[in-house]
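1. Would you be able to build a 3D model of this:
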Amino acid sequence: MSAERERLELLKATADEIAASLPVWDGEMPAVLVNIVDPVTRQLLDHRFVSAAALPGRKRLRLVEEAS
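-> Sure, this is the predicted structure:
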C-alpha cells in the first residue's frame, strides 16, 4: 500500500470519528456548517450542520463567509 493511500485511509477514519462526535443539529437552533478538509490536498472529506450552542470547542475552527 502506498504511503499516500495509507495517509488518506487514516485521514478518512479520523474524519469519520470527528463527524460522529459532533452534536446533531435539530433543525431549529442556529447552526454552524462544519467542513472536514484534508489539510494537504484541501479536499472536502465530510460536512455537517451542527447546533451552534452545542458545538464542542475545537482547536481549528475557522469562520468562512457564506458564498453568494
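
2. the strands in this structure, which residues?
-> For the chain, applying DSSP state E gives strands covering 31-37, 44-51.

3. Let me know which of these is the nearest to residue 7.
-> strand 44-51 (12.3 Å; C-beta to C-beta). Every residue, glycine included, has its C-beta placed from N, CA and C.

4. Would you list the strands that that closest one pairs with, along with their directions?
-> In the sheet, strand 44-51 lines up against strand 31-37 (antiparallel) (DSSP bridges).

5. The partner strand: which residues count as buried?
-> Neighbour counts over strand 31-37 (16 or more other C-beta atoms under 10 Å) mark 31-32, 34, 36-37 as buried.

6. for stretch 4-22, same thing?
-> Buried residues in stretch 4-22, counted by 16+ other C-beta under 10 Å: 8, 11, 15, 22.

7. tell me the pLDDT at the most centrally placed residue in the chain?
-> Residue closest to the mean C-alpha point of the chain, counted by C-alpha atoms, centre = their mean, is residue 36 at 2.9 Å. We have a pLDDT of 83 for residue 36.

8. Start at 53, not 1
-> Fine by me, first position is 53 from now on; the one you just mentioned is residue 88.
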